[in-house]
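# Prediction below, plus the sequence it came from.
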Amino acid sequence: MRKQDLTIVKIGGKLIENEERLSSFLNDFSALNGLKILIHGGGNMATEIATKLGFPTKMIDGRRITDANSLKVIVMTYGGLINKTIVAKLQALQANAVGLCGADGNSIVSKKRAVKEIDYGFVGDIETVNTRFINSLLEQGCVPVFSAISATREGQLLNTNGDSVAAEIAKAMSSIYNTQLYFCFEKKGVLANPQDENSVIPEIDHKKYQQLLEEKVISEGMLPKLHNCFEALDHGVNKIFLGNADVLKMGNSCTKIIK
Ligand SMILES: Nc1ncnc2c1ncn2[C@@H]1O[C@H](COP(=O)(O)OP(=O)(O)O)[C@@H](O)[C@H]1O
Ligand SMILES: CC(=O)N[C@@H](CCC(=O)OP(=O)(O)O)C(=O)O
């Protein structure tokens, strides 16, 4: 029997900050047929609030170095302001959204990243996704909305890259559903020339990905994003797309990740 479809969408922090683009995106998201899950970032807003509080931000290859103060800002910003704003807007669009972080329902258990060359601080690498719990929400007609936060078995909250949260949820839920994963960010897709908004690469396979890495066409936040795309593709996720706030609209140009 064919599995039921599940759509998983990650929305990046730069889109969340723009009220018009966020509303338009949430309209499209709420109108999607079938079961769905939303994951959001909020990196830019956390940086802005941390700066106002006098905590400088350090990023390495698109990943935040998270000390105790930045973790507090992150939990308040992602788990509080952004998550609840999105949930309220989705409720107004008749989607029964439920806001979560990885600690809720023990949904995403992670491990603090081991210190190798770099000490990332309170950053989590996901170990398990509680598919039973997430599925119970879907079966009740809820739309889970996850922030980019996970927790250890010992109860330590950890900052967790939003793209990784989306990819790990999609991978895990692929055991039950036919999954499609969308990464929604500022650009129309992966660009051959990051300065040219119209240079969207329509399809990327493993070979092209290696080539883009070698040619250094991808950098910063695009590095974890594409890494997560191929992780998901290699672990059962059926379809993966990268595009801007209009990526859920029919016929919109974007990048498709293929085998
Ligand atoms: N080849 C590329 N194509 C598109 N964006 C790229 C590319 N290389 C680097 N980037 C950068 O990566 C960013 C996306 O990563 P990130 O900011 O982490 O996304 P998100 O909004 O999901 O947090 C783009 O806004 C762009 O600045
Ligand atoms: C460990 C790590 O880097 N976590 C990310 C989580 C937020 C995120 O992914 O937000 P965007 O989607 O807006 O980039 C961060 O703090 O920036």
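Nice, thanks for sending it over. Ligands and ions are numbered 1, 2, ... in the order given.

# measure H227 to ligand 2 for me?
The gap separating H227 from ligand 2 is 13 Å, by Cβ to the nearest ligand atom, to the nearest Å. The way it works is simple: take the backbone N, C-alpha and C, and place the C-beta from them, glycine included.

# Quick check on that residue: phi, psi?
phi -60, psi -50 (degrees, to the nearest 10).

# Now do the same contact list for it.
Applying Cβ atoms under 8 Å, 6 or more residues apart in numbering to H227 gives no contacts.

# what about it, distance to L15?
In this structure, H227 and L15 are 21 Å apart, going by Cβ to Cβ, to the nearest Å.

# G99: which element?
Here G99 sits within strand 97-100, counting by DSSP states H and E.

# My error: substitute E48 in the last question.
helix 43-52.

# The helix or strand just after that helix packs against which elements?
Note on helix 43-52: by DSSP H and E, the next helix or strand toward the C-terminus is strand 58-60. Applying 3 or more Cβ pairs under 8 Å, 6 or more residues apart in numbering; DSSP states H and E, one finds that strand 58-60 contacts strand 63-65.

# ok, and for the helix holding E48, which residues are buried?
G43, N44, M45, A46, T47, E48, I49, A50 (16 or more other Cβ atoms under 10 Å).

# isn't the fourth one right next to Y78, touching?
Looking back up the chat, that one is A46. Yes - A46 is within contact range of Y78, at 6.9 Å (criterion: Cβ atoms under 8 Å).

# Which part of the stretch 101-250 of the chain gets nearest to ligand 2, residue-wise?
For the stretch 101-250 of the chain and ligand 2, the shortest gap (Cβ to the nearest ligand atom) falls at G162, measuring 3.0 Å.

# ok, which stretches of the protein are helices?
For the chain, the helices defined by DSSP state H cover 13-16, 19-31, 43-52, 68-74, 83-92, 131-139, 162-173, 206-214, 222-233.

# From the chain's centroid, how far away is the fourth one?
Which is helix 68-74. 19 Å (Cα atoms, centre = their mean, to the nearest Å).

# Buried residues in it, which are they?
S70, L71, K72, V73, I74.

# Before we move on, what's the pLDDT of the residue lying closest to the second one once chain neighbours are set aside?
Residue nearest to L71 in three dimensions, not counting chain neighbours: F122, with 4.3 Å by Cβ to Cβ, 6 or more residues apart in numbering. We have a pLDDT of 97 for F122.

# F122: how many residues sit nearby?
Neighbourhood size, F122 [other Cβ atoms under 10 Å]: 22.

# contacting residues for it?
T66, D67, A68, S70, L71, K112, Q156, L157, L158, N159.

# how many neighbours does T160 have?
T160, neighbours per other Cβ under 10 Å, totals 28.

# Hmm, I126 and it touching each other?
Yes - with contact defined as Cβ under 8 Å, T160 counts as touching I126 (6.6 Å).

# Overlap in contacts, those two.
G102, I108, S110, S150.

# of these, closest to ligand 1?
Once Cβ to the nearest ligand atom is applied, the member of the shared contacts of T160 and I126 that ends up nearest ligand 1 is S150, at 16.9 Å.

# Look up the closest residue to the closest one, ignoring the ones flanking it.
G102 (3.3 Å).

# and the stretch 1-150 of the chain, which residues reach ligand 2?
G12, G13, G41, G42, G43, A46, R63, R64, I74, V123, A148 (Cβ under 6 Å from any ligand atom).

# I'd like to know which of the shared contacts of T160 and I126 are buried.
G102, I108, S110, S150.

# dump the residue contacts of S164.
D125, I126, P224, N228.

# Quick one: which of those is the most crowded by neighbours?
In the contacts of S164, the most neighbours by other Cβ under 10 Å go to N228, 25 neighbours.

# any idea how far that one is from A167?
4 Å.
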